[in-house]
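Let me see the structure of the following:
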Amino acid sequence: MKEKLAKIKQIWQMIRTMPRVEINLMREACKGNEPFYARITDELYNEVNGRHPKLPLIRKKVYGVALYQLGEETDNYLKAVESSARRNFKKAIRNGYIFKRIDFNEHLDDIWDIRRSAKVRQGEMPEDFVTKRPVEVYVPKSNSKTHDYPYFGIFNNEDKLVAYAGCIVAGELIEVEHIYGHSEFQTDGIVPMLYISIASYAVTEFPQTRCYGYGTFLGASDTMKRFKKKFKFLPHKVTWKLGNK
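Residues are numbered from 1 along each chain as shown. Predicted structure coming up:
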């Protein structure tokens, strides 16, 4: 009981002290774009304002949202992350790894290799995720910088995809929705390279984005919290604005 009360006290202390930020998803800027982008923006807004599955008294992504506030320089994030992440990024560069935006559907075999390379990541992976070849996804090409759903990858010097991530871009937010690296190449710094390269890409290609996100702190394991802090995804209180429909 004492341990539970201590954890609750820790959560409320974090809530009281976390910085506040307003994020506008700029829904009105979806006009003229593929309907897909208006739909996923609406879904995102509804999700962040839904009830937290473990803490039903609060909304899912209002308190403890893991964010880094992007600046105007492409290397701001590289300078901000912990030194071990910077070392891993530089190690990947030295080893010849390359960052690219990718078409998910063109790399299904490599993506399956990545998924099959580890049955346990931040917990045990679903069996279907590991054993079944991924299927093609439907992501229409966006005609706007304000809304997109890009996939990114890290390639080795044999042009093999060894890490990938999918992100949602909605107005002032770019968020990593999922990210995976091949276990055989993890020690080469491929995942830090991916996080850092996405941030630089966002500053250049999605200049309206102000916040780089990766999930939440509330309900996350201690291991995941340490991981988020390493990459400067720190807890924030967020006021979400959908924008004008």
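
Poorly predicted segments of the protein, please.
For the chain, applying pLDDT under 70 flags the ranges 1-16, 51-60, 120-123, 244-245.

Centre-most residue in it?
For the chain, residue 176 is the residue whose C-alpha lies nearest the centre (C-alpha atoms, centre = their mean; 1.6 Å).

Look up the closest residue to that residue, ignoring the ones flanking it.
residue 214 (4.7 Å; C-beta to C-beta, 6 or more residues apart in numbering). (C-beta placed from N, C-alpha, C; glycine too.)

and that neighbour, that's in a strand?
Yes - note on residue 214: a strand contains this position according to DSSP: H, G, I helix; E, B strand; the rest coil.

in what helix or strand does residue 237 lie?
strand 234-241 (DSSP states H and E).

Quick one: list the elements packing against that strand.
With contacts taken as 3 or more C-beta pairs under 8 Å, 6 or more residues apart in numbering; DSSP states H and E, strand 234-241 sits against strand 20-24, helix 35-48, strand 63-69.

at 7 Å what do you get?
The helices and strands touching strand 234-241, judged by 3 or more C-beta pairs under 7 Å, 6 or more residues apart in numbering; DSSP states H and E, are strand 20-24, strand 63-69.

Can you check which of the ones you listed gets nearest to residue 43?
Residue 43 lies closest to strand 20-24 among the helices and strands packed on strand 234-241, at 15.4 Å (C-beta to C-beta).

tell me which residues of that closest one are tucked away?
Using 16 or more other C-beta atoms under 10 Å as the test for burial, strand 20-24 gives 21, 23, 24.

give the contact list for the first one.
Same thing as residue 21. For residue 21, the contact set (C-beta atoms under 7 Å, 6 or more residues apart in numbering) comprises 67, 69, 211, 236, 238.

one more time with 10 Å, if that's ok
Listed by C-beta atoms under 10 Å, 6 or more residues apart in numbering, the contact set of residue 21 reads 65, 67, 69, 172, 210, 211, 236, 237, 238, 239, 240.

and the residue nearest to the fourth one when sequence neighbours are not counted, how many residues sit next to it?
In other words, residue 172. With C-beta to C-beta, 6+ apart as the criterion, residue 172 has its nearest non-adjacent residue at 4.5 Å, and that residue is residue 210. Look at residue 210: counted by other C-beta atoms under 10 Å, it has 18 neighbours.

repeat for the one 3 residues further on
By the measure other C-beta under 10 Å, the count of residues near residue 213 is 22.

Can you report how many residues lie near the nearest residue to it once chain neighbours are set aside?
Once flanking residues are discounted, residue 213 sits nearest to residue 175: 3.8 Å by C-beta to C-beta, 6+ apart. Residue 175 has 23 neighbouring residues, counting by other C-beta under 10 Å.

about what we covered before: how much space between the residue nearest to residue 176 and residue 225?
Using C-beta to C-beta, to the nearest Å, residue 214 is found at 11 Å from residue 225.

Mind checking which of the two has more residues around it?
In this view residue 214 and residue 225 are compared by other C-beta under 10 Å, and residue 214 has more residues nearby, 21 against 17.

Distance of that one relative to residue 233?
4 Å.
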